[in-house]
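In: Predicted model, plus sequence, below.
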2 protein chains.
Amino acid sequence: MNKNVTALPKTPVPKTSMPNTSVPKTARGAATRARIVDAATELVRARGAANTTIDAVIEASKASKSQVYHYFADKDELVLAVIQRQAECVLGTHEGLLRKLNSLSGLRRWRDAVVALTHQTNCAGGCPLGSLAAELSETPRTRAALAESFARWAGHFEAAFARMQSRAGITSAGDLKELSEAMLASLQGGLLLAQTLRSTRPLELALDMAIDHVAARLGL
Amino acid sequence: MNKNVTALPKTPVPKTSMPNTSVPKTARGAATRARIVDAATELVRARGAANTTIDAVIEASKASKSQVYHYFADKDELVLAVIQRQAECVLGTHEGLLRKLNSLSGLRRWRDAVVALTHQTNCAGGCPLGSLAAELSETPRTRAALAESFARWAGHFEAAFARMQSRAGITSAGDLKELSEAMLASLQGGLLLAQTLRSTRPLELALDMAIDHVAARLGL
DNA sequence: CAGAAACTGGACTATTTAGTCCAATTACTT
DNA sequence: AAGTAATTGGACTAAATAGTCCAGTTTCTG
C-alpha cells in the first residue's frame, strides 16, 4: 500500500507539513470519522489489520470511499487511528478496574474480573492490544503507538502497586516499574495461551504467579 | 481465499478422501516441497501469514505456481505446513536447550540464552510461534496446530522440572503441568513486550519471576 | 443571502492476488 | 526402451483491493 514511485514530485515537502488528511471541522464530519474508526476497530479486532479491507470498513460504517480518504491519507493512517481507539478502550476498561485498587485482595478481584471477561468470550480474540502488537510491531509508527499504550498500561499497574504499598505502610520494596512490567507480561502471555488453548487456565496460572510475585516483592 | 461457490459439484466427496494435494513421491519432489515450505516459513516469520503472497513464495523458493498448487491445495494448507515447520524449528531449539536441564542454575542458563537470542535480533520478530498464534488462533485448523505445539513446548518444561525435582530428592511439590504453563505464558508475554518495547527487560523480568515461582513451588 | 469551505457519493483505474489449466519435461517401472 | 506416473513452467482468469478523481451537496461565515 502507498507505493508512490513517481519521479519528480512537485514539492518534496516532508510528510508532516502538508498531509492530504483532514481533521473534521464540523460535527457531522467528526461523526463520520468516528463511525469509520469504530467500524474499522471492530473489523480489525475480529480479523486483524491485514485482513481488513477498506471496502469492508466502508460497508460496515456506511461511509463512502471519499470519506475514508478524506479523513485518512491511506490505510496505514486508519490503522494507526484504530490502534489509538483500541488502546483507549482497553486502557479505559483496565483503568476503571484498577483505579481504586489498593490491596492484594483488590488485585485478586481484578484477576477474577479479567478471567471472567475472558471466559465470557470463550477465550476468543485474546487481548485486542496484544494481537495488534503481534501483528504491527515491525512497523515503526504502529510499533511506537503500541509501545506507548503498553507503557501507559504498565503505569496503571505501577500506580496501583504504589497505593498498595503506601496503604500497608511500607516505604520501598522492589522496583514498582519492574513489577508492573512483569505483571503485564503475565497478562499478555496468559491471554495469548488462553486464546490458543481455548482455556482460561493458563491465564489464571500466569496471573496468580504474578500476584504472588507482587505480594512477595511488596512484602505483603 | 478458497471461496468455491460453484453449484452442482461433480462428486460431493468429503474433503479428507480425495485431496487434490500430492505428497511428493520422488526425491526431487520432496526437495521442491521443502524449498517451498522453507521460503514460505521465512516470509511468514518476517511479514505474517496474511501479508505473505503465493507469488512471493514462488519467487523466494524459485518454484512455479503449479508446483505450489501441486503440493498444497490452497494457501491455507501451505500456512498449516508453515506452522508445523516453525514449530519444529522453535521446539527443536528449545528442546536442545532444555534436554539436559536438571537444576535451577540450568534453568537460569536457559533464561540467559533466550535473552541473548532476543538481544541478538534487537528484539525484532518476537516468538515466531507466538506471532503465528496471535494471527491464526481464530481459525480452527491453524489454532489446533498451534495449540498442539504449545502443549508440546510446555511438555519440555514439565520434563525439565521433573528432572530438577527428582535430582533434588523431592517427591511431589506443585503441579508440574501448571508450572510449565505459567513459564510458557511468561516467556510469550515477555517476548511480546520485548518485541513491542524493543527492550529485553520485560522478558528478563518475566522469566526471573517465573523462575522464582518454579523454585518456590519445587521447594528449591 | 452569497460565496467559500467542508463534506459526500460513487464510478473508475491500476495492481495485486489466489487459483486454474494444460502442454512439456523428467523420473520410475517393467 | 516403452509406457506410465510424477513433476514442472508459466500463461491465463476472475475477483479483490488500495487509491484517485470530480461533480454534487451540505454547512459555515461574513
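Out: Perfect, thanks for sending it. Numbering: from 1, shown residues only, chains lettered A, B, ... in the order given.

In: Which secondary structure element is home to the closest residue to DNA strand C within chain A?
Out: Here chain A gets closest to DNA strand C at one residue, residue A:29, 2.2 Å apart by C-beta to the nearest atom of the strand. (Glycine included, C-beta is placed from N, CA and C.) In this structure, residue A:29 sits in helix A:27-47 according to DSSP states H and E.

In: Remind me what that helix packs against, helices and strands.
Out: helix A:54-61, helix A:65-71, helix A:75-98, helix A:128-136 (3 or more C-beta pairs under 8 Å, 6 or more residues apart in numbering or on different chains; DSSP states H and E).

In: can you tell if that helix touches DNA strand D?
Out: Yes - on the criterion C-beta under 7 Å from any atom of the strand, helix A:27-47 is in touch with DNA strand D at A:27, A:28.

In: how big is the angle separating that helix from helix A:54-61?
Out: Angle, helix A:27-47 to helix A:54-61, by axes from the mean of the first three to the mean of the last three C-alpha atoms, to 10 degrees: 120 degrees.

In: buried ones in helix A:27-47?
Out: When burial is assessed from 16 or more other C-beta atoms under 10 Å in any protein chain shown, helix A:27-47 yields the following buried residues: A:32, A:33, A:35, A:36, A:37, A:39, A:40, A:41, A:42, A:43, A:44, A:45.

In: List the contacts of the fifth one.
Out: The one in question is residue A:37. Residues near residue A:37 by C-beta atoms under 8 Å, 6 or more residues apart in numbering or on different chains: A:78, A:81, A:82, A:85.

In: Recalculate using a threshold of 7 Å.
Out: Neighbouring residues of residue A:37 by C-beta atoms under 7 Å, 6 or more residues apart in numbering or on different chains: A:81, A:82, A:85.

In: re earlier: from the chain's centre, how far out does the helix holding residue A:29 sit?
Out: Relative to its parent chain, helix A:27-47 has a centroid offset of 16 Å by C-alpha atoms, centre = their mean, to the nearest Å.

In: between that helix and helix A:128-136, how big is the angle?
Out: Using the same axes, to 10 degrees: helix A:27-47 against helix A:128-136 is 80 degrees.

In: what angle sits between helix A:27-47 and helix A:75-98?
Out: Going by the same axes, to 10 degrees, helix A:27-47 makes 80 degrees with helix A:75-98.

In: Using PDB, write down the CA coordinates of helix A:27-47.
Out: Taking C-alpha atoms only, helix A:27-47 is exported to PDB below (Å, rounded to 0.1, in the frame of the first residue of the first chain):
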ATOM      1  CA  ALA A  27     -19.900  17.900  14.000                       C
ATOM      2  CA  ARG A  28     -21.100  15.900  11.000                       C
ATOM      3  CA  GLY A  29     -17.600  15.300   9.800                       C
ATOM      4  CA  ALA A  30     -16.500  14.300  13.300                       C
ATOM      5  CA  ALA A  31     -19.300  11.800  13.500                       C
ATOM      6  CA  THR A  32     -18.400  10.300  10.100                       C
ATOM      7  CA  ARG A  33     -14.800  10.000  11.100                       C
ATOM      8  CA  ALA A  34     -15.800   8.300  14.400                       C
ATOM      9  CA  ARG A  35     -18.100   5.900  12.500                       C
ATOM     10  CA  ILE A  36     -15.300   4.900  10.200                       C
ATOM     11  CA  VAL A  37     -12.800   4.400  13.100                       C
ATOM     12  CA  ASP A  38     -15.300   2.400  15.200                       C
ATOM     13  CA  ALA A  39     -16.200   0.100  12.300                       C
ATOM     14  CA  ALA A  40     -12.500  -0.400  11.400                       C
ATOM     15  CA  THR A  41     -11.600  -1.100  15.000                       C
ATOM     16  CA  GLU A  42     -14.300  -3.800  15.300                       C
ATOM     17  CA  LEU A  43     -13.200  -5.400  12.000                       C
ATOM     18  CA  VAL A  44      -9.500  -5.300  12.900                       C
ATOM     19  CA  ARG A  45     -10.300  -6.800  16.300                       C
ATOM     20  CA  ALA A  46     -12.100  -9.700  14.600                       C
ATOM     21  CA  ARG A  47      -9.900 -10.300  11.600                       C
END
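
In: Average pLDDT for that helix, rounded please.
Out: Helix A:27-47 shows a mean pLDDT of 97.

In: Could you pull up phi and psi at the closest residue to chain B within chain A?
Out: The minimum distance from chain A to chain B, using C-beta to the nearest C-beta, falls at residue A:189 (2.7 Å). Main-chain dihedrals, residue A:189, degrees, to the nearest 10: phi -60, psi -40.

In: got it, and residue A:125?
Out: Backbone torsions of residue A:125, given as degrees, to the nearest 10, read phi 90, psi -30.

In: cool, residue A:169 as well?
Out: Main-chain torsions, residue A:169, degrees, to the nearest 10: phi 70, psi 30.

In: okay, now it: neighbour count?
Out: 6 (other C-beta atoms under 10 Å in any protein chain shown).
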